[in-house]
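I would like the atomic coordinates for the input below:
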Amino acid sequence: MSIADNESKLRRLLDVGRALVGELDPEAVLGRILEEACAITGARYAALGVLDEDRRGLERFLTKGIDPQTHRAIGELPKGRGVLGVLIEDPRPLRLPDVGEHPQSYGFPASHPPMHSFLGLPIMIRGSAWGNLYLTEKRGADEFTEEDEEAALLLAQWAGTAIENARLHERSERRRGEAERAVRSLEAARDIADAVGGIPELDRVLELIVKRGRALVDARSVLIMLRDGDQLEVAASAGHTTEARGRRVPLAGSTSGQVLEGGRPERVPDVASHLRIAARELGVTHARTALLVPMLHHGIGIGVLAAFDRGEDGDEFTAADEQLLRTFAASAANAVALNRSVAADRLRSAIVAAEAERARWARELHDETLQALGALRVSLASALRRGNAAATEGVMREAIDEIEHEIENLRAIIADLRPSLLDDLGLLPAIEALVDRRRRGGLEVTTRFALPGRDGRDAALPPELETTIYRIVQEALTNAVKHARASTVEVALDVSDEEVIVEIRDDGQGFDPSAHTEGFGLAGLTERVYLAGGTLELRSGGQGTVVYARLPARPADARAPRPAAGKLAS
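Got it, this is the predicted structure:
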């Protein structure tokens, strides 16, 4: 070979080396090594064998120069026996004029193309053999030369460096991807935790979970199914689903039921053959793969989180996907458990408030009406016994006056139980009538109303909200008279498109709200405001009492947090 040829080959090797080191795709590096090995040495065929973990055989075998049809005819690829195994046992260059003459040669399969000249070299990474480069059939010559061996050795050195760089880059990218995925998972988990604590509506929380879970595992569709007796019901869905919500599958005989009862996730590689109940029964169409994860709360299964078809091609879900879905399933389970707990607490509070209100009306009837009627009965009986017509007439007149008074009391109680004026006249006239009754009892009441429309008729508030506003004013006036012993009260009502503000101030002696909730009707008042989605603030002391309530003018999706006893400041 001339000096010019050597210089040309050296320049090519340098160019190849720079190109290989700059290539960060491991597969592209391997393909380039085979291509350049043939070009530099003149080999007709090239192969690259990648050693297995024990470095005793080949786990991969890549070739160049053999067409796909010949590949199929040859059959199974080499595993590292015969001459190929010599380089595995002794990683040093091996150059042969005829590979078939080597003592370790096993020969070739029937469909294998003929090969004679052979050059084999190890590819070393950090001093250890990573694989071998095999070259056969030198073009235009009977065998490979010493210069070919030197050039191939230099190429193998470049290859080792390039492969290591590509592997490090791939590992770095994988770790970066895992870190980004972990960050997204933590962010999503944080958002879900915030939602669980701040959004009482279970539907909204579950919707957030399925949407975030679908994005993180790149699923085509995601469902949340909640246990209802011996069935599972779809409570939320995201992605490619058709009227999924509300669909049901039995626990018995379904893969989802098996996952729930067993408490273990299951990856389904083929939905058509492994899912006991077709995915279309759940509103998921054209599903190929699935991942089912149980929703466990304190070890109790309350539902299943199901993902279908990973990526655009519907690939199988990975162990990392399973771990992510398990985290989301736990969040969903906590949301359901918290929602059910809050619902149970709210029901108990409503029952307690209702019972307290009934007890209050019972005391009103017993302490006033029944006692007055009892005294009236005694007076009438005494008059009858005396038999004095003049005296009896006087007693009868007093009895009539007393009966009329008690009729008024009963009417007031009935009006308190159901303010019919709200239905007949509207909110403002009903409150005015309530205030007038208190004024007739000697209480000085000033009012300030700001409602849209004439007489508040155009306020267009929901009936339930009008009842709540009426009850707030009613309860505040009752407490001002009976407990605070106030002489003057200010009632203010301000209605806008967004909210309603109710404020009642009195000049009474005040009381401790935390110590007086039942007799003062505060439990029922607090429950009413909470159910209306509003907030209630109660301040009471030596300077009187202030009741301040803010209520949404329209039904809100999110309920305000229930005020604790500490929120009613004295």
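
Give me the contacts around stretch 107-115.
Stretch 107-115 has contacts (Cβ atoms under 8 Å, 6 or more residues apart in numbering) with 45, 66, 70, 73-75, 82, 99-100, 136-137. Every C-beta, even on glycine, is put in place using the N, C-alpha and C of the backbone.

Next, the buried residues of that stretch.
residue 115 (16 or more other Cβ atoms under 10 Å).

just stretch 541-556 next, same as before
For stretch 541-556, a neighbour-count test (16+ other Cβ under 10 Å) marks 544-553 as buried.

Now list the buried members of the contacts of stretch 107-115.
Among those, those buried by neighbour count (16+ other Cβ under 10 Å) are 45, 66, 74, 82, 99, 136-137.

Narrow the buried residues of stretch 541-556 to those in strands?
The members of the buried residues of stretch 541-556 that map onto strands under DSSP state E are 544-552.

In TSV: those, plus distance to residue 465 and pLDDT.
Shown next, in TSV, are these (distance: Cβ to Cβ, whole Å; pLDDT from 0 to 100):
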residue	distance to residue 465	pLDDT
544	27	87
545	23	90
546	21	92
547	17	92
548	17	93
549	11	94
550	12	93
551	6	92
552	8	91
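
that older thread, what's the closest of the buried residues of stretch 541-556 to residue 246?
residue 552 (28.4 Å; Cβ to Cβ).

Relative to residue 286, how far out is the closest one?
43 Å (Cβ to Cβ, to the nearest Å).

How about residue 537?
Per Cβ to Cβ, residue 537 is found 55 Å from residue 286.

repeat for residue 381
When residue 381 is compared with residue 286 (using Cβ to Cβ), they lie 88 Å apart.

Of these two, which one has the most company?
Comparing residue 381 with residue 286 by other Cβ atoms under 10 Å, the one with more neighbours is residue 286, at 13 against 10.

Contacts only, for that one.
So residue 286 contacts residue 240 (Cβ under 8 Å, 6+ apart).

pretty sure it is in a strand, no?
No: with DSSP: H, G, I helix; E, B strand; the rest coil as the criterion, residue 286 is located in coil rather than a strand.

Now it, what are its backbone angles?
phi 60, psi 40 (degrees, to the nearest 10).

next one: the one 3 residues further on
Dihedral angles phi and psi of residue 289 (degrees, to the nearest 10) take the values phi -120, psi 160.

That one: how many residues sit nearby?
23.

Show me how the chain divides into domains.
3-171, 199-344, 431-570 (automatic domain parsing).

Return the distance of residue 296 relative to residue 336.
Taking Cβ to Cβ, one finds residue 296 at 11 Å from residue 336.

And those two? Which one has more around it.
residue 336 (22 against 17).

Quick one: residues contacting the more buried one.
Residues in contact with residue 336 (Cβ under 8 Å, 6+ apart) are 202, 206, 226, 295, 297, 302-303.

Just among those residues, which is most surrounded?
residue 295 (29 neighbours).

ok so, going back, joint contacts of residue 296 and residue 336?
residue 302.

Looking at the buried ones among the contacts of stretch 107-115, which gets the smallest pLDDT?
Minimum pLDDT for the buried ones among the contacts of stretch 107-115 is recorded at residue 74 (82).

Now intersect the contacts of residue 336 with the helices, please.
202, 206 (DSSP state H).

Tell me where the stretch 351-500 of the chain has helices.
Using DSSP state H, counting those that start in this stretch, the helices of the stretch 351-500 of the chain run over 371-386, 389-417, 420-424, 427-440, 463-482.

what number of residues lie near residue 397?
With neighbours defined by other Cβ under 10 Å, the count for residue 397 comes to 10.

roughly how far apart are it and residue 318?
94 Å.

just residue 77 next, same as before
Residue 77 is 27 Å from residue 318, by Cβ to Cβ.

Can you tell me which residue sits nearest the middle of this protein?
residue 209 (2.2 Å; Cα atoms, centre = their mean).

so where does the residue lying closest to it once chain neighbours are set aside fall, helix or strand?
Using Cβ to Cβ, 6 or more residues apart in numbering and skipping residues adjacent in sequence, the residue nearest residue 209 is residue 332, 4.9 Å away. Using DSSP states H and E, the element containing residue 332 is helix 319-364.

Mean confidence (pLDDT) on that helix, please.
68.

Quick one: neighbours of residue 56, just the number.
12.

How is it assigned, secondary-structure-wise?
Going by three-state DSSP: residue 56 is coil.

Could you list which residues are in contact with it?
Here residue 56 is in contact with 80, 88 (criterion: Cβ under 8 Å, 6+ apart).

and which of the ones in strands among the buried residues of stretch 541-556 is nearest residue 172?
Distances from residue 172 to these, taken by Cβ to Cβ, are shortest for residue 552, at 51.8 Å.

all helices for the stretch 101-250 of the chain, in order.
Using DSSP H, counting those that start in this stretch, helices in the stretch 101-250 of the chain cover 146-198, 202-217.

got TSV for those, with mean pLDDT too?
Listed next are the helices of the stretch 101-250 of the chain as TSV, based on pLDDT from 0 to 100:
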stretch	mean pLDDT
helix 146-198	77
helix 202-217	82
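
Buried deepest among those, which one?
Greatest average neighbour count among those goes to helix 202-217 (a mean of 21), per mean count of other Cβ atoms under 10 Å.

Pull out the C-alpha coordinates of that helix and format them as CSV.
This file holds the C-alpha atoms of helix 202-217, laid out as CSV (Å, rounded to 0.1, in the frame of the first residue of the first chain):
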residue,chain,number,x,y,z
LEU,A,202,-65.8,14.0,44.8
ASP,A,203,-66.6,14.1,41.1
ARG,A,204,-64.1,17.0,40.5
VAL,A,205,-61.3,15.3,42.5
LEU,A,206,-61.7,12.0,40.6
GLU,A,207,-61.8,13.8,37.3
LEU,A,208,-58.5,15.5,38.2
ILE,A,209,-57.0,12.2,39.1
VAL,A,210,-58.0,10.4,35.9
LYS,A,211,-56.8,13.3,33.7
ARG,A,212,-53.4,13.6,35.5
GLY,A,213,-52.9,9.9,35.6
ARG,A,214,-53.6,9.5,31.9
ALA,A,215,-51.1,12.2,31.0
LEU,A,216,-48.3,10.7,33.3
VAL,A,217,-48.6,7.1,32.0
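
so what secondary structure elements neighbour it?
Here helix 202-217 touches helix 146-198, strand 219-228, strand 231-239, strand 300-310, helix 319-364, going by 3 or more Cβ pairs under 8 Å, 6 or more residues apart in numbering; DSSP states H and E.

surely residue 431 meets residue 471?
No: using Cβ atoms under 8 Å, residue 431 is not in contact with residue 471, being 10.8 Å away.

which one of the two has more residues nearby?
Set side by side, residue 431 and residue 471 show more neighbours around residue 431, with 27 against 18, by other Cβ under 10 Å.

List the residues that contact that one.
Applying Cβ under 8 Å, 6+ apart, the residues near residue 431 are 447, 449, 469-470, 473, 491, 493.

and what of residue 373?
By Cβ under 8 Å, 6+ apart, the contact list for residue 373 reads residue 406.

May I have the residues that are in contact with residue 306?
With Cβ under 8 Å, 6+ apart, residue 306 has these contacts: 222-225, 256, 282, 290-293.

what about residue 50, which SS state?
Strictly by three-state DSSP, residue 50 counts as strand.

From what I see, it and residue 57 are in contact.
No: counting by Cβ under 8 Å, residue 50 sits too far from residue 57 to count as a contact (10.2 Å).

Can you tell me the closest non-neighbouring residue to residue 309?
Per Cβ to Cβ, 6+ apart, closest to residue 309 is residue 220, 3.7 Å.
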